[in-house]
Structures are given as C-alpha cells and as structure tokens.
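A.B. asks: the sequence and its predicted three-dimensional model are supplied below.
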Amino acid sequence: MDEDPWLARIQRAVDAVHGWEDRTQRPESPDPGSALAGDDQLNPQHPASLVAWSSIGTAVDHLGLAADSLEREGGARLRPTAFYTVCRSALVAASQAVWVMTGNRQARLQRVRWCEAEEHLGRSQLLRDYLNESAFQADVSPEFHREVGDLRDRSVERRKRVLAEINGKSFTVTGMLQDVAAIVAADDPWLARAYAFEWRMSSGGAHARLWPQELRPGHKLPVLGTSTTLRYTTGSTETYGQSLGAATLVTSEAFRLWDERRVSSATTDSD
C-alpha cells in the first residue's frame with residue numbers, strides 16, 4: 001500500500017515548527033537603519049517590530065501546540081474541530097505579522113496603528129467589565145478602583161486619537177486575511193482559495209457552528225425507528241495537513257519578511 005502523502009507533508013510542517021520554537025525562545029529586534037527600524041520610528045509608542053515579532057511568536061506557540069497533539073504518546077488522535085481552531089489562531093497571528101510588514105510605508109503605518117487601536121479597545125473593554133461589577137468595587141480600595149478607571153480612560157482616549165489620525169478607517173480580521181492571501185498566493189488562485197477556505201471553516205468550528213461539519217470528513221447513520229440521521233464527523237490526514245499547511249505557509253512568509261526587513265542595507269526602503 002502506498003504511503004499517505006499527507007503524512008509526509010504534516011511531518012515537514014512539524015519539523016519546521018520545532019525549528020521556529022527554538023528560534024522564538026530568544027527575542028529579536030531590528031537592526032538600526034533597517035526598514036523595520038524605520039517603521040518603528042514612525043510609531044514609537046507601538047512599534048511595527050513589536051507587532052510583527054509578537055505575532056510571529058503567537059503563531060509559533062499555537063503551531064507548537066498543534067505539533068504536540070500530533071506527536072502525543074500513543075499516536076495522534078484526530079479531532080473534528082479543535083485542531084483546526086489551534087491552526088486558525090496561528091493563521092491569524094502569522095497573517096498579522098505579514099500584514100504589517102508589507103505594502104508601502106503609509107499602508108504599513110496605518111496597519112500598525114489599527115493594531116494599536118485594537119489593543120486599546122480590548123484593554124478598555126476588560127477594565128470596563130471590572131469597573132461595572134459591583135463586587136469588584138467592594139473588594140478593592142477606592143484608590144485602586146480609581147487607578148483602574150484612569151487606565152481605562154487612557155486607553156479609550158488613546159484609541160480615539162489613533163482612529164482620528166487614520167481618519168477613522170477600520171479593518172476587519174477577514175479583510176486582513178484577504179490582503180495577506182493576495183500576497184502569499186499572488187500567482188496561485190487555488191492557493192488563495194484554500195487559504196480563505198481554512199479561515200472560514202476553522203472560524204465556523206471555533207464558534208461552534210454546524211455548517212463546517214457538513215464539509216468535513218464523516219458519515220451519516222440513520223437512527224432505527226425514527227426519521228433522524230446522525231452525522232459523525234472526524235478529521236483526516238488531508239484536512240489536518242491542509243489546516244496545518246496553511247498556517248505554516250504564512251508563518252514561513254512572516255519569518256522571511258522579518259529576516260529581510262530587520263537587517264540594515266544600503267537600499268532600505270522609505271516609501
């Protein structure tokens with residue numbers, strides 16, 4: 001019997017992930033005079049290199065968890081949804097890194113500013129939840145409660161300023177992924193379609209939607225004596241390989257851009 005070609009592809013991806021795990025144990029930063037250092041100077045309060053490297057690290061961390069599940073003692077256990085959710089997180093994180101390191105300088109700056117605005121939104125929403133909780137106010141001192149409120153207010157105001165400076169233009173994660181798909185799969189419409197497929201399918205699964213299960217491998221069994229049909233959904237080496245492959249592909253591109261843009265050269269772009 002011929003060996004499953006997806007097993008070899010999965011193993012290559014896992015090997016790449018282990019190499020990236022070793023590398024991301026040590027923080028990296030751009031060289032003075034590099035293109036990435038130039039981007040950092042335009043938004044020092046939230047540098048492009050910080051967004052890019054932390055996004056790469058997040059992608060590798062999730063891919064590491066995916067690799068761990070494949071190399072577990074006793075063999076991999078194919079799951080119908082969870083594995084794709086982990087790969088989806090890696091896909092989004094790596095795409096964000098690619099996104100802020102591509103395009104002209106104006107586009108890159110605007111993308112970094114959007115990421116900054118999202119940081120302040122998430123932080124202010126969390127702090128708001130605490131401040132609106134009566135039990136929290138009873139549990140802490142008035143001084144601490146006031147400090148939390150001040151921190152929330154600063155995040156709200158900072159987000160307003162950032163959005164005003166980029167003319168209030170907002171982006172969605174889906175829009176970001178579409179931009180990155182056009183970069184990673186510029187000459188391959190099938191690859192771009194596969195990229196979008198993994199995002200949509202894995203997002204559906206992450207939000208406990210039923211429709212992705214109709215498209216995953218599985219089979220239906222009628223329930224005797226009723227008009228009901230049970231559908232059993234599982235994973236396969238092909239679906240695992242596709243999901244892991246999409247995430248590792250974008251992470252590889254993120255590392256390539258990082259290595260290219262963090263090193264100073266005589267032709268550093270300034271557009």
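C.D. replies: Right, received. Where do you want to start? Since the structure is predicted, the reported quantities are computational estimates derived from the model, not experimental observations.

A.B. asks: how many neighbours does residue 135 have?
C.D. replies: When neighbours are counted by other Cβ atoms under 10 Å, residue 135 registers 8. Any C-beta I mention is one placed from the backbone N, CA and C, and that applies to glycine too.

A.B. asks: also residue 196?
C.D. replies: 16.

A.B. asks: the helix or strand where it lies: how far from the chain's middle?
C.D. replies: Using DSSP states H and E, residue 196 falls within helix 189-206. On the basis of Cα atoms, centre = their mean, to the nearest Å, helix 189-206 sits 13 Å off its chain's mean C-alpha point.

A.B. asks: got the buried residues for it?
C.D. replies: 192, 194-196, 198-206 (16 or more other Cβ atoms under 10 Å).

A.B. asks: and which of the residues you listed is nearest residue 133?
C.D. replies: Closest approach between the buried residues of helix 189-206 and residue 133, by Cβ to Cβ: residue 206, at 26.9 Å.

A.B. asks: and the helices in the stretch 101-250 of the chain?
C.D. replies: Along the stretch 101-250 of the chain, counting by DSSP state H, counting those that start in this stretch, helices occupy 105-131, 134-139, 142-165, 173-184, 189-206, 211-215, 237-261.

A.B. asks: what's the most buried one of the ones you listed?
C.D. replies: A comparison of the helices of the stretch 101-250 of the chain by mean neighbour count, using mean count of other Cβ atoms under 10 Å, puts helix 237-261 on top with a mean of 21.

A.B. asks: can you tell me the average pLDDT over that helix?
C.D. replies: Averaged over helix 237-261, pLDDT sits at 94.

A.B. asks: any low-confidence regions in the stretch 51-200 of the chain?
C.D. replies: The model of the stretch 51-200 of the chain has pLDDT under 70 over residues 169-170.

A.B. asks: same thing but 80
C.D. replies: Where the stretch 51-200 of the chain drops to pLDDT under 80, the residues are 168-171, 187, 189-190.

A.B. asks: mind putting the helices of the stretch 101-250 of the chain into CSV with distance to residue 57?
C.D. replies: Converted to CSV, the helices of the stretch 101-250 of the chain look like this (distance: least, Cβ to Cβ, whole Å):
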stretch, distance to residue 57
helix 105-131, 15
helix 134-139, 31
helix 142-165, 23
helix 173-184, 18
helix 189-206, 20
helix 211-215, 28
helix 237-261, 10
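
A.B. asks: closest to residue 95 out of these?
C.D. replies: Taking Cβ to Cβ, helix 173-184 is the member of the helices of the stretch 101-250 of the chain nearest to residue 95, at 4.2 Å.

A.B. asks: so that closest one versus helix 189-206, what angle?
C.D. replies: With axes from the mean of the first three to the mean of the last three Cα atoms, to 10 degrees as the basis, helix 173-184 and helix 189-206 are set at 150 degrees to each other.

A.B. asks: starting at the chain centroid, how far to helix 173-184?
C.D. replies: 12 Å.

A.B. asks: with stretch 67-82 instead?
C.D. replies: With Cα atoms, centre = their mean, you get 21 Å for stretch 67-82.

A.B. asks: okay, it in PDB with CA atoms only?
C.D. replies: Provided in PDB are the C-alpha atoms of stretch 67-82 (Å, rounded to 0.1, in the frame of the first residue of the first chain):
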ATOM      1  CA  ALA A  67       2.600  19.700  16.700                       C
ATOM      2  CA  ASP A  68       2.400  18.400  20.300                       C
ATOM      3  CA  SER A  69      -1.000  16.900  19.600                       C
ATOM      4  CA  LEU A  70       0.300  15.100  16.600                       C
ATOM      5  CA  GLU A  71       3.300  13.700  18.500                       C
ATOM      6  CA  ARG A  72       1.400  12.600  21.600                       C
ATOM      7  CA  GLU A  73       2.400   9.400  23.200                       C
ATOM      8  CA  GLY A  74       0.200   6.600  21.800                       C
ATOM      9  CA  GLY A  75      -0.200   8.400  18.500                       C
ATOM     10  CA  ALA A  76      -2.200  11.400  17.200                       C
ATOM     11  CA  ARG A  77      -5.900  11.500  17.900                       C
ATOM     12  CA  LEU A  78      -7.900  13.000  15.000                       C
ATOM     13  CA  ARG A  79     -10.500  15.500  16.300                       C
ATOM     14  CA  PRO A  80     -13.300  17.100  14.300                       C
ATOM     15  CA  THR A  81     -12.900  20.700  15.400                       C
ATOM     16  CA  ALA A  82     -10.200  21.600  18.000                       C
END
